[in-house]
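# Build me a model:
(one chain, ligands or ions: 1)
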Amino acid sequence: MIPVVKPTLGREEEDAVLAVLRSGQIAQGARVEELETRFAALVGTAFAVATSSGTASLHLNLLAHGVGPGDEVITSPFTFIASANSILYTGARPVFADIDPEDFNLDAKAVEAKITDKTKAILPVHLYGNPANMPAMCAIAGLHGLRIVEDAAQAHGAAINGQQVGTFGAGNFSFYPTKNITAVEGGILTTSDAELAEKVRRLRNHGQSERYRHETLGFNLRMSDVHAAIGLAQLNRLSDYTRKRQENARYLDQGLAGAVETPRVAPGYTHVYHQYTIRIPGGRRDAVAIALRERGVGSAVHYPIPVHKQPLYLEMGYRDNLPEAERAAQEVLCLPVHPSLTEQDLETIVREVRALC
Ligand SMILES: Cc1ncc(COP(=O)(O)O)c(C=O)c1O
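Okay, here's the model as predicted:
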């Protein structure tokens, strides 16, 4: 079976973990700081703050922006639930705007239509590693005095005209094992705002400003040096991984052209192919996924239920009608695109998808 995801952990990660374990400094320390310095440099921000997960990064980012009860934050309904739940954690209300069917990301016009006097921030998601329309989001935010908190959990290295995601607003990346690079668990926030970075540093560590002095109510959402050491080893290979993902995507684009709707990338946009997502309309998607599995090709549906239709959100009274997000949930299928695919794997994927579509 060609797996749809495959984390690549090897000797470098093993050695790095052992070195940390033997050093005696295993909680948040020098490796976390090094990861922060290197990640900020990579993305192009002055600061990065590592956390225990991408969800924690989103949560603390929103809190540090002053988002709380009575506020609304506009986000995508077609995402992993953490994007929206991070808003709920603060006591604010997630407001869902529909997606653009071309790229599955937030539609700028739909966002504008959802702005009220309670709106505090926009939380765009760079889904599948393809940047959301940030020039439009920044223009809307500027016009209405809103903050931008980017969910870049799936989009390490994605960019628009060379400007990386995570620099348009405050960014949040995930190091979960399925992501383009992993720290097993972990997240990281990117910003050039010194005050915001400092607030998040305190919030992740019990609101502590100096040892055993606690200014605000904080949390324990720190990253450990063990996780950071793995993240650092992976960071060394990020550009190779991304290049391989992009080459694999080009192969699939060419091989599948005319048979299925392949991913669309706007001019000037750098897609890092966390997922390679096709559409299979006509109610056939699930049958195709089963048939592919029988033919040795793994696939996944990200995501089968839009957030506003999740039981949790229905229970809270959400009754949105968001037709593009709902259609995408019925039609999308993610094919393997990870850097471990061989030429033969790619040939198999193309052959079997073409045979079924
Ligand atoms: C779009 C999106 N947002 C947020 C998250 C949350 O990241 P984490 O699993 O590191 O908490 C994920 C990944 O799981 C994700 O895919």
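# show me where this protein has strands.
Taking DSSP state E to define them, one finds strands in the chain at 47-51, 72-75, 93-96, 119-123, 147-151, 159-160, 163-164, 170-174, 187-191, 208-210, 213-214, 269-270, 276-279, 332-335.
# Looking at those, which is nearest to the ligand?
Nearest to the ligand among these is strand 170-174 (3.3 Å), distances taken as C-beta to the nearest ligand atom. C-beta here means a position set from N, CA and C on the backbone, and glycine is covered the same way.
# Report the angle between the closest one and strand 47-51.
Put simply, strand 170-174 runs at 40 degrees to strand 47-51, going by axes from the mean of the first three to the mean of the last three C-alpha atoms, to 10 degrees.
# Point out the other helices and strands that strand 170-174 packs with.
Here strand 170-174 is seen to pack against helix 54-64, strand 147-151, strand 187-191 when contacts are counted using 3 or more C-beta pairs under 8 Å, 6 or more residues apart in numbering; DSSP states H and E.
# near the ligand at all, the first one?
Yes - on the criterion C-beta under 6 Å from any ligand atom, helix 54-64 is in touch with the ligand at 54-55.
# quick one: average pLDDT of that helix?
Averaging pLDDT along helix 54-64 gives 98.
# again, but for stretch 260-273
Per-residue pLDDT over stretch 260-273 has a mean of 98.
# Could you pull out the buried residues of that stretch?
Neighbour-count burial for stretch 260-273, counted by 16 or more other C-beta atoms under 10 Å, picks out 260, 262-263, 265, 269-273.
# Quick check: the farthest pair among the residues you listed?
Between any two of these, the greatest separation by C-beta to C-beta is 22.8 Å, found for 260 and 270.
# can you list the residues of the stretch 151-300 of the chain near the ligand?
151, 153-154, 174, 176, 187.
# what about the closest residue to the ligand within the chain, neighbour count?
Closest residue of the chain to the ligand, C-beta to the nearest ligand atom: residue 54 (2.7 Å). Burial of residue 54 is recorded as 27 neighbouring residues (other C-beta atoms under 10 Å).
# OK, contacts around it?
Under the criterion of C-beta atoms under 8 Å, 6 or more residues apart in numbering, the contact partners of residue 54 comprise 82, 151, 153, 172-176, 179, 186-187.
# Find the nearest non-adjacent residue to it, please.
Nearest non-adjacent residue to residue 54, counting by C-beta to C-beta, 6 or more residues apart in numbering: residue 174, 2.8 Å away.
# these two touch, right, the one you found and residue 155?
No - between residue 174 and residue 155 there is no contact, the gap being 9.6 Å when judged by C-beta atoms under 8 Å.
# Just name the shakiest helix or strand of the protein by mean pLDDT.
Ranking every helix and strand in the chain by mean pLDDT, DSSP states H and E puts strand 208-210 at the bottom, with a mean of 93.
# which parts of that one are buried?
When burial is assessed from 16+ other C-beta under 10 Å, strand 208-210 yields the following buried residues: residue 208.
# mind listing what it pairs with, with the direction of each?
Pairing partners of strand 208-210, with direction, according to DSSP bridges: strand 213-214 (antiparallel).
# ok now the strand it pairs with, how far from the chain's centre?
Here the centre of strand 213-214 is set off from its chain's centre by 33 Å, with C-alpha atoms, centre = their mean, to the nearest Å.
# pLDDT (mean, whole number) over that strand?
For strand 213-214, the mean per-residue pLDDT is 96.
# and what of stretch 349-357?
Along stretch 349-357, the predicted confidence averages to a pLDDT of 97.
# just stretch 125-138 next, same as before
For stretch 125-138, the mean per-residue pLDDT is 98.
# and it, which residues are buried?
Taking 16+ other C-beta under 10 Å as the basis for neighbour counts, the residues of stretch 125-138 that come out buried are 125-134, 136-138.
# Of the residues you listed, which ones also sit close to the ligand?
With C-beta under 6 Å from any ligand atom as the criterion, the members of the buried residues of stretch 125-138 in contact with the ligand are residue 125.
# from the buried residues of stretch 125-138, which is closest to residue 326?
Residue 326 has its nearest neighbour among the buried residues of stretch 125-138 in residue 127, at 15.4 Å by C-beta to C-beta.
# Break the chain down into its structural domains.
If the domains of the chain are taken from automatic domain parsing, they occupy 11-235, 238-356, with pieces of a single domain joined by a plus sign.
# end to end, how far does the first one reach?
Just to be clear, that refers to domain 11-235. Its first and final residues considered, domain 11-235 spans 14 Å by C-alpha to C-alpha, to the nearest Å.
# Report the distance from that domain to the chain centre.
Distance, stretch centre to chain centre, for domain 11-235: 9 Å (C-alpha atoms, centre = their mean).
# what do you get for the last one?
Mean-position distance between domain 238-356 and its chain equals 15 Å (C-alpha atoms, centre = their mean).
# Now do the end-to-end distance for it.
Domain 238-356 has an end-to-end distance of 33 Å (criterion: C-alpha to C-alpha).
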